[in-house]
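predicted model follows, preceded by the sequence.
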Amino acid sequence: MNLRLMLEERAKRYRDKIAFALGEHRLSYAELDEASNRIANALIRMGVEKGDRVAILLPNIPEFAVIYFGIVKTGGIAVPLDVRYKVDELISLC
């Protein structure tokens, strides 16, 4: 089973269960699935295709998972970057 299918199955089975929590912020499986669909659709409109690499520069927050799954749903490859990188280090990765 791939990650896209795993999330979609969990969203159906555990719709209102909490998938992620950070402080007061809670995200259910259904919310995670719906939000990642919105990200996937936005990325597709931007031209992201299967196999494309998409960088993520976010700290460890629930939105990271939303974006990660959104990338996976496009068929893209999520490339998490360390938020401690300096600008010149990030530029050298391009």
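All right, it came through fine.

alpha carbons only for contacts and neighbour counts from here, please
Will do.

run the chain-centre distance for the longest helix along the chain.
In the chain, assigned by DSSP state H, the helix with the most residues is helix 29-45. On the basis of Cα atoms, centre = their mean, to the nearest Å, helix 29-45 sits 8 Å off its chain's mean C-alpha point.

tell me the strands beside the next helix or strand after that helix, with direction?
Using DSSP states H and E, the helix or strand that follows helix 29-45 towards the C-terminus is strand 53-56. Strand pairing for strand 53-56, using DSSP bridges, gives strand 77-80 (parallel).

wait, doesn't S28 sit right on R15?
Yes - assessed by Cα atoms under 8 Å, S28 is found in contact with R15 at 6.7 Å.

may I see the buried residues of the longest helix of the chain?
Using 16 or more other Cα atoms under 10 Å as the test for burial, helix 29-45 gives 29-37, 39-41, 43-44.

pLDDT below threshold where in the protein?
Along the chain, the parts satisfying pLDDT under 70 run over 1.

for the longest helix of the chain, which outside residues touch it?
The contact list for helix 29-45 (Cα atoms under 8 Å, 6 or more residues apart in numbering) reads 7-8, 10-12, 14-19, 65-74.
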